[in-house]
Every structure is written in structure tokens, then in C-alpha cells.
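Visitor: Pasted the sequence and its predicted model underneath.
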Amino acid sequence: MEERSITQTYGKTVYTDEGFLFGRVQDVVLGKYALRGWVVGIPPESVLKKAVPTVKAVVVPHKAVKAAGDIIIISSKLEVPQPTSGKEAEAKAK
């Protein structure tokens, strides 16, 4: 297996495992000892942009990445956390 630098992944195209364009890698999220996620910029022609027009970028958890090489392939079964209102967040905290 060939070793690569994290910076070599910047700009790589990200596709879902169903073959849809998702976006391009902009950055990574590092934990203390491991890669935690990928910051993916969402272009206008992305399948996600069509579903959520205001989205500009998302963090894809590393566990959703199925393959990384010349392109990145992610699972199409990503669970996207829904934003909560202030009252809902307070209720969950209690």
C-alpha cells in the first residue's frame, strides 16, 4: 500500500458509492491520534447541493470513506445530524 500525505488528498473528487458526485476535499479533521473526518466542499452540480441548496461544505466522518486513491468514495448512507432549536437542545441537556 502506498503512503500518501494528507495534503495530496486536497482537491480530490468525492463520489458516493452509487456513483454520484458529492464534492471535493478541502481539508481534513484530525483527532489526537487519527484522521476523524474530511471537509468536503460542495459544488453546484453535487447531488447534495440539489437536496440542500444552501450547503457550502460538510464534514464527512472518516468511517464513511470506503476508498481513497485518485478519487474518494464515500458511503451513500450517511447519517446527517439535524440542527436542533435552542429549546430542544436545552431539553436534551436536562
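Guide: On my side now, so go ahead.
Visitor: Could you use CA atoms for every contact and neighbour count after this?
Guide: Will do.
Visitor: As a check, name the ranges of all strands in the chain.
Guide: Listed in chain order, the strands found in the chain under DSSP state E are 13-16, 21-30, 35-41, 57-61, 65-68, 72-74.
Visitor: Which strands or helices does the last one pack on?
Guide: If contacts are counted by 3 or more Cα pairs under 8 Å, 6 or more residues apart in numbering; DSSP states H and E, strand 72-74 sits against strand 13-16, strand 65-68.
Visitor: Nearest to Val55 among those strands would be which one?
Guide: When the helices and strands packed on strand 72-74 are ranked by proximity to Val55, the top entry is strand 13-16, at 15.6 Å, counting by Cα to Cα.
Visitor: other SSEs contacting that closest one?
Guide: Against strand 13-16 (3+ Cα pairs under 8 Å, 6+ apart) you get strand 21-30, strand 72-74.
Visitor: Within the sheet, what are the partner strands of the shortest one, with directions?
Guide: Looking back up the chat, that one is strand 72-74. Sheet pairing for strand 72-74, assigned by DSSP bridges, gives strand 13-16 (parallel), strand 65-68 (antiparallel).
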